[in-house]
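**Q** need the 3D shape of this:
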Amino acid sequence: MAIVPLRAAIVYEDNFDDGDPATNGYAGNFIQDIGGNPMTEAEGQVTWGIEGGWNWGGSNIQSLDEFAFPSDDQKYTIEWTIGPMTVATPGEAWGDIRMQLILMSKNSAQGGGGSAEFWTLTAGGLGVDLVYKSDTNLFANFVAKNDKSPASSNPVGVPGQTGHQIDPTQENILTIELTSTEASLYVNGALSQTVALFQWDLGAGPGEEYENGFFISTRGARANGGRGTMSVSQVLVDLSTALPPPPPPAPTIAIEPATPGLRLLSTNGQYDRQTVRTTVPEYSWVGAAGPVTYAVTISEYPANPEYQTVIYLAPAESLNIGASSPDWSEPICALAYINNTAAGGGNMRFTYKNHQRDSNGLPGHDYWTIDNGSFYAAGEGPGADGTGKGGTVAFVNSTTILGTWSITFTDDTTVLLTAPDGQTATGTLLPETAALFAGPLYAYFGTVPQSMANIGLGATFSNITISGVPSPISENFTTLVDPSILEKSASNGAAVLQVIPSETPFWLHWTVPDSGYKLQHSATLTATPIWQDLGMTDTFLLAGEKWKLLNTKELANPRVGFYRLLKP
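**A** Numbering: from 1, shown residues only. You can find the predicted model right below:
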């Protein structure tokens, strides 16, 4: 029998239009001011202003309505419309303002439906946390607390999830869809994160957080001396019968030629490094008999600006071998950032840091700050050979991103950058700075997406070269790379692939979900084709599709083939 859905029923709504945040069209709200950050209601919104009374000021609105946890055939949709967030002290790096949109467990609410600060509760519930500083982006993060959480502790984020970046200058709608098994966060209508409730011991069973229901709480606060304004203009809750999900569409499959070379694809976080590195640390320029060059040739690159190619030069001493981000995690690193531009050009910055682990360098001397050396800004005169504290040593532009980018040390302290169009730039290091890179040193070559908009993109290198050292490297990737020379060092090693024209000439990719399907191929499409199973291993997920690099050794006929996904 078909399931007939019930009409969605609004069970709570507050448009903040009567001048009193404690009232609404239902059972009213409970207001609690914790720490002198009061709220005001006017002109259809509740606003938290800048006049807080102490460093950790905050106050919240909590519904007096109690909501039963949804049954298996129900779904709550809880929607907050929040106004722009404005930090009142631009340039202040430490202070922040924050909002928490919480489904607060009745088990943990104080006194007859009273409210409590989410972070002080041992048993809390599920919520969305927004923390805004004047010098950072704003992200919406799923967070939770349960009876295993220590009191006076911050809520914990969803394992394996990252925040959803939002524009703090605009109105934003944040929605939690809550079923009996999972919760999903939507940001302005787009699905951001989904989590199974059992991960947090949240649910309706005995001893679980929502066994006695929950309240809707909206909290504004500030911390670390932050000042600013934030507001909410509507909270809306409706309860509907959850429709069974429609069957997923059948996957579609496609094939395309693969560009020869080393293909590096960005599949996960915006700062995930996809690199290869020298297998042994024998590639320092310091003390070499002549010039030493590190070069990468780019043959394929995405059009999205800010996609980044990197060359890292990291001393082996104290290096975390398993880390793919020596530019961040290691105390000493020299590197080149190669960025593309919207016009198809590019630029390369050579920079370094000195004894600053887990950072982008000493504040005021980070990678993007001029090192006051022989590279200097327009209108400034040449300086000395640098401060030794870190920063940019040389910078070069190019009219094209494609081609060979190289770093050449003509001696221990002098660096020459060369772009694909022939433009050059030079810079110098202090002798004591160069000495930091003497001895065993690894060289890394790879990519970083730099923004979530670049996830799913990738670049292809046709050559990696290191010359002027005892064991030079010139790898064009036309034959299988010798693992004793280069090895993967990547956030997702499966998405760093070598494309050899004679062995891996094509990409096969298909949409997901593909559960229950088998990948098959046939050399012909005669009246009775012979379909053979083709393994679905060595695949990776990229931009909502699974990708597989076809190897001719897997095929009955490497020159002709047809492919399908079959669900028996």
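**Q** which outside residues touch the helix or strand of the chain with the lowest mean pLDDT?
**A** For the chain, counting by mean pLDDT, DSSP states H and E, strand 156-157 ranks last in confidence among helices and strands (a mean of 72). Contacting residues not belonging to strand 156-157 are listed as 129, 141, 142, 143, 144, 145, 149, 200 [CB atoms under 8 Å, 6 or more residues apart in numbering]. All C-beta spots, glycine's among them, are computed from the backbone N, C-alpha and C.
**Q** what sits against the nearest residue to the fifth one once chain neighbours are set aside?
**A** Think residue 144. Ranked by CB to CB, 6 or more residues apart in numbering and with sequence neighbours excluded, the top spatial neighbour of residue 144 is residue 200, at 4.5 Å. Taking CB under 8 Å, 6+ apart as the contact definition, residue 200 lies against 126, 144, 146, 156, 209.
**Q** residue 200 and residue 544, how far apart?
**A** 27 Å (CB to CB, to the nearest Å).
**Q** any idea how far residue 38 is from residue 23?
**A** Per CB to CB, residue 38 is found 16 Å from residue 23.
**Q** who's more crowded, the two?
**A** residue 38 (18 against 14; other CB atoms under 10 Å).
**Q** name the nearest residue to that one, sequence neighbours excluded.
**A** residue 59 (5.8 Å).
**Q** what sits against that neighbour?
**A** By CB under 8 Å, 6+ apart, the contact list for residue 59 reads 31, 32, 33, 34, 35, 37, 38, 39, 48, 219, 220, 221.
**Q** who does it bridge with?
**A** residue 33, residue 220 (DSSP bridges).
**Q** quick one: it from residue 104, how far?
**A** Residue 59 sits 14 Å away from residue 104, going by CB to CB.
**Q** do the same with residue 340
**A** The value you get for residue 340 to residue 104, if CB to CB is used, is 46 Å.
**Q** so those two - more neighbours on which side?
**A** More neighbours surround residue 104 than the other of residue 340 and residue 104, with 28 against 24 (other CB under 10 Å).
**Q** can I get the CA coordinates of the host helix or strand of the more buried one in PDB?
**A** Using DSSP states H and E, residue 104 sits within strand 96-105. C-alpha atoms of strand 96-105 as PDB (Å, rounded to 0.1, in the frame of the first residue of the first chain):
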ATOM      1  CA  ASP A  96      35.000  36.600  18.300                       C
ATOM      2  CA  ILE A  97      31.200  36.600  18.300                       C
ATOM      3  CA  ARG A  98      29.200  33.400  18.000                       C
ATOM      4  CA  MET A  99      25.700  32.000  17.600                       C
ATOM      5  CA  GLN A 100      24.500  28.600  18.600                       C
ATOM      6  CA  LEU A 101      21.300  27.100  17.100                       C
ATOM      7  CA  ILE A 102      20.500  24.200  19.400                       C
ATOM      8  CA  LEU A 103      18.100  21.300  19.700                       C
ATOM      9  CA  MET A 104      18.600  21.100  23.500                       C
ATOM     10  CA  SER A 105      17.800  17.900  25.300                       C
END
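**Q** after that strand, next one along is what?
**A** Following strand 96-105 in sequence, per DSSP H and E, is strand 125-133.
**Q** that next one to strand 96-105, inter-axis angle?
**A** Interaxial angle, strand 125-133 versus strand 96-105 (axes from the mean of the first three to the mean of the last three CA atoms, to 10 degrees): 170 degrees.
**Q** roughly how far is strand 125-133 from the heart of the chain?
**A** Centroid displacement of strand 125-133 relative to its chain, using CA atoms, centre = their mean, to the nearest Å, is 17 Å.
**Q** ok, stretch 485-495 next?
**A** Here stretch 485-495 is found 19 Å from its chain centre; the criterion is CA atoms, centre = their mean.
**Q** just stretch 436-451 next, same as before
**A** Counting by CA atoms, centre = their mean, stretch 436-451 is centred 20 Å from the centre of its parent chain.
**Q** report the central residue of the protein.
**A** residue 269 (3.1 Å; CA atoms, centre = their mean).
**Q** where does it land in three-state SS?
**A** At residue 269 the chain is in coil, as set by DSSP: H, G, I helix; E, B strand; the rest coil.
**Q** what's the closest non-adjacent residue to it?
**A** In space, and not counting its chain neighbours, residue 269 is closest to residue 162: 6.2 Å by CB to CB, 6+ apart.
**Q** same question, residue 42
**A** Per CB to CB, 6+ apart, closest to residue 42 is residue 19, 6.3 Å.
**Q** farthest pair in the contacts of residue 200?
**A** 156 and 209 (13.1 Å; CB to CB).
**Q** compare these two (neighbour count), which wins?
**A** residue 209 (28 against 15).
**Q** for that one, which non-adjacent residue is spatially closest?
**A** In space, and not counting its chain neighbours, residue 209 is closest to residue 105: 4.4 Å by CB to CB, 6+ apart.
**Q** what's the pLDDT at the one you found?
**A** Looking at residue 105, its pLDDT is 83.
**Q** I figured it hits residue 125, correct?
**A** Yes: applying CB atoms under 8 Å, one finds residue 105 in contact with residue 125, separated by 4.2 Å.
**Q** name the residues contacting each of the two.
**A** With contacts taken as CB under 8 Å, 6+ apart, residue 105 and residue 125 have 209, 210, 214 as neighbours in common.
**Q** having no further points to raise, I will conclude here.
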